[in-house]
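**Student:** let me see the structure of the following:
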Amino acid sequence: MSTTVAASPRQTQADRSRDTRLKLMQAVVECLVDVGWAGTTTTLVSERAGVSRGAQLHHFASRGELVAAAVEHLGAESVRALRADSDALGRPVRTPAVVGLIVDFYVSPLFAAALELWVAARTDTALRELVIPLQGRLGRETHRLAVDLLDVDESRRGAREAVQATLDLARGLALANQLTDDSVRRARIVAEWSAQLEERLA
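**Tutor:** Numbers count the residues shown, from 1 in each chain. Modelled structure (predicted):
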């Protein structure tokens, strides 16, 4: 999931600063996936990133600043991953492939990291103010992608709701996969819903 940043002797200070920030952002996401929100401390993040505490504090003076930047990074990475997977499908795309792509995204480590933030934000007002825009961004992006790939005319009655139901289904399947491997059951549900969606949008 993480990207290794190669060092170069010709790197400028700005390059090194950008690389350090990127390492910290990637470390936050990895920590959220591996140890959850409660276990994602600034000390662990700096260790995972391979940077000193001083370097971390230079870029992010508090956990709040670090989390705010990580939320933005998580949103950007999620959108990038969705678009890359979409481009890899080619055109035209069959309905099962579209539904599978969306479900796979929600089952991915990126969504697991976002989910940790969403759950914590339920009782953390400051975090909630950061996470709500992320939730909205991911929702809009996945909806827009589904409409494009399925070639949906949202002016038709029920078309928009059918796409939204697909996204809600995908999130539900992702939740079901958090504690145990739900891939076998999930594949059956994706196949059945794809058939119903195709009929509904025809």
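**Student:** and the helix or strand hosting Leu66, what's buried?
**Tutor:** Using DSSP states H and E, Leu66 sits within helix 63-89. Residues 66-71, 73-75, 77-79, 81-82, 85-86 are the ones in helix 63-89 that count as buried (16 or more other CB atoms under 10 Å). Using the backbone N, CA and C atoms, a C-beta is placed for each residue, glycine as well.
**Student:** likewise stretch 39-54?
**Tutor:** For stretch 39-54, by 16+ other CB under 10 Å, it's Thr40, Thr42, Leu44, Val45, Ser46, Arg48, Ala49, Val51.
**Student:** relative to helix 63-89, how tilted is the helix or strand encompassing Leu22?
**Tutor:** Element membership of Leu22 [criterion: DSSP H and E] is helix 13-39. Calculated by axes from the mean of the first three to the mean of the last three CA atoms, to 10 degrees, helix 13-39 forms an angle of 100 degrees with helix 63-89.
**Student:** and the worst-scoring helix or strand of the chain on mean pLDDT, what does it pack against?
**Tutor:** In the chain, the helix or strand scored least confidently by mean pLDDT, DSSP states H and E is helix 63-89, which has a mean of 83. When contacts are defined as 3 or more CB pairs under 8 Å, 6 or more residues apart in numbering; DSSP states H and E, helix 63-89 packs onto helix 13-39, helix 42-49, helix 95-106, helix 109-121, helix 125-150.
**Student:** wait, which of those helices is closest to Gln196?
**Tutor:** Gln196 lies closest to helix 95-106 among those, at 9.6 Å (CB to CB).
**Student:** how far away from the center of its chain is that closest one?
**Tutor:** Centroid separation for helix 95-106 versus its chain: 14 Å, with CA atoms, centre = their mean, to the nearest Å.
**Student:** coming back round to it: Gln164: which of the buried residues of stretch 39-54 is nearest?
**Tutor:** Thr40 (31.0 Å).
**Student:** need the nearest residue in space to the closest one, chain neighbours excluded.
**Tutor:** Cys31 (4.1 Å; CB to CB, 6 or more residues apart in numbering).
**Student:** now the one you found: how far from Leu66?
**Tutor:** To Leu66, Cys31 is 11 Å away according to CB to CB, to the nearest Å.
**Student:** now do the shared contacts for the two.
**Tutor:** Shared contacts of Cys31 and Leu66 (CB atoms under 8 Å, 6 or more residues apart in numbering): Val45.
**Student:** show me where this protein dips below the pLDDT cut-off.
**Tutor:** The model of the chain has pLDDT under 70 over residues 1-10.
**Student:** roughly how far is the least confident helix or strand of the chain from the heart of the chain?
**Tutor:** 6 Å.
**Student:** for stretch 63-76, output the C-alpha coordinates as CSV.
**Tutor:** Extracted C-alpha coordinates of stretch 63-76, given in CSV (Å, rounded to 0.1, in the frame of the first residue of the first chain):
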residue,chain,number,x,y,z
ARG,A,63,-1.7,15.2,16.5
GLY,A,64,-4.6,17.3,15.3
GLU,A,65,-2.4,18.8,12.5
LEU,A,66,-1.1,15.4,11.6
VAL,A,67,-4.6,13.9,11.4
ALA,A,68,-5.9,16.8,9.3
ALA,A,69,-3.2,16.4,6.8
ALA,A,70,-3.7,12.6,6.8
VAL,A,71,-7.4,12.9,6.1
GLU,A,72,-6.7,15.1,3.1
HIS,A,73,-4.0,12.6,1.9
LEU,A,74,-6.4,9.7,2.4
GLY,A,75,-9.1,11.4,0.3
ALA,A,76,-6.7,12.1,-2.5
